[in-house]
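Engineer: Any chance you can model this:
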Amino acid sequence: MKLSIIIVSFNTESFLRQCLTAVYGTHSLGSCEVIVVDNNSSDHSCSMIREDFPDVRLIESRDNEGFAKANNKGFHIAQGDYILLLNSDTKIQGKALEAMIDYLDNNPDAGIVTSRLVYPDLTDQGVARSFPSPVNALFGRRSLLTKMFPNNRYSKKYLLSRKTSSSEPFEVDWVSGACLMIRRTVIDQVGFLDENYFMYWEDADLCYRAKNAGWKVFCIPEALVIHYEGKSSQGRQSSRLIMEFNKSVYRFYRKHYITSSLNAMNILAIVGLSMRTVFMIAGNMLARKFIHTNQRRKEVIYEQRH
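Structural biologist: Numbers count the residues shown, from 1 in each chain. You can find the predicted model right below:
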């Protein structure tokens, strides 16, 4: 079998339906299988799959086991030569899957490829990147400085897919697990996703191990996938997601960059990421309070007028 597609879902019924419809509508599935791993959704995702997509291989977990562990369940049963990790909140465009497959077929040194992931307005999400350095805490993909100064050299050096506008495939360090196609031989060599990551940065970790084993990672711009970013994690407590994100950042640094807990960089990482977590949670709470207050003001004005 040529391709296995693994989709992890958690309470994303409408997006999952759209994702599956796009997959079946844009690729000849004669040599492809689709595996959905449901992380104990409380909506009707599983019944929808059974009724409307009977060819999908459905795995129903009893708990929300996180992104890495759920995808690994799919890896264990996948039969394809290539395996695609695909978020449930994505929509394949045109012949994106064929373009990624063709590149792997014709470039034996490529171990992992991705599409150009874009927002619904087709602007680039910047998820094909170089490996992080401490400066990315200030100039990361979602940082305030990157939003204020999107063309600064530090952000452009990190967010390679935004820096490169060429339609030709280009090499990067790591790509998002929202759309990540990997050779089975790479998985056999470097192993599955690290389940110590509940969610976030397990994709960077996988790419790091693949690169260390001699494989290359590429972004294929002609392959286009819309990513409704954040929809696959809607309904989860925002503060918890912020904490999980920064915990995963620290785990990546400790695993690959900081070998000793006595290293000065370890102390700096703990302090810096702790402060970053606090600021991000506080900012998120203030933003939600502002939205709530603004909404309440509109309701009062409406009531007064009616």
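
Engineer: hey, let's count contacts and neighbours off CA atoms from now on
Structural biologist: OK.

Engineer: For residue 19, which residues are in contact?
Structural biologist: 88-92 (C-alpha atoms under 8 Å, 6 or more residues apart in numbering).

Engineer: Which of the residues you listed fall in strands?
Structural biologist: Residues of the contacts of residue 19 located in strands (DSSP state E): 90-92.

Engineer: Out of these, which comes closest to residue 35?
Structural biologist: Of all those, residue 90 has the smallest distance to residue 35: 15.1 Å, by C-alpha to C-alpha.

Engineer: these two touch, right, the closest one and residue 180?
Structural biologist: No. Residue 90 lies out of contact with residue 180 (C-alpha atoms under 8 Å); the separation is 12.0 Å.

Engineer: okay, those two: which has more neighbours?
Structural biologist: residue 90 (28 against 23; other C-alpha atoms under 10 Å).

Engineer: Tell me the confidence at the closest residue in space to the more buried one that isn't next to it in sequence?
Structural biologist: For residue 90, ignoring the flanking residues on the chain, the nearest one in space by C-alpha to C-alpha, 6 or more residues apart in numbering is residue 227 at 4.4 Å. Listed pLDDT for residue 227 reads 97.

Engineer: all helices of the stretch 1-150 of the chain, in order?
Structural biologist: 13-26, 45-52, 67-77, 96-106, 136-139, 144-148 (DSSP state H, counting those that start in this stretch).

Engineer: Any idea which of those gets closest to residue 246?
Structural biologist: Using C-alpha to C-alpha, those put helix 136-139 closest to residue 246, at 10.1 Å.

Engineer: Any figure for the gap between the residue nearest to residue 58 when sequence neighbours are not counted and residue 175?
Structural biologist: The shortest distance from residue 58 to any non-neighbouring residue, by C-alpha to C-alpha, 6+ apart, is to residue 36 (5.0 Å). For residue 36, the distance to residue 175 equals 21 Å [C-alpha to C-alpha, to the nearest Å].

Engineer: Equivalent analysis for residue 229, please.
Structural biologist: Taken as C-alpha to C-alpha, the span from residue 229 to residue 175 is 15 Å.

Engineer: Looking at these two, which is more packed in?
Structural biologist: Neighbours per residue (other C-alpha under 10 Å) separate residue 229 from residue 175, with residue 175 holding more: 30 against 17.

Engineer: Kindly list the main-chain dihedrals of the more buried one?
Structural biologist: Main-chain torsions, residue 175, degrees, to the nearest 10: phi -130, psi 160.

Engineer: so what's it bridging to?
Structural biologist: residue 128 (DSSP bridges).

Engineer: now it: how far from residue 131?
Structural biologist: 10 Å.

Engineer: pLDDT score for residue 28?
Structural biologist: We have a pLDDT of 65 for residue 28.

Engineer: I meant residue 303, not that one.
Structural biologist: Residue 303 carries a pLDDT value of 52.

Engineer: Next: residue 258.
Structural biologist: Per the predicted model, pLDDT is 74 at residue 258.

Engineer: Got phi/psi on it?
Structural biologist: According to degrees, to the nearest 10, residue 258 has phi -120, psi 100.
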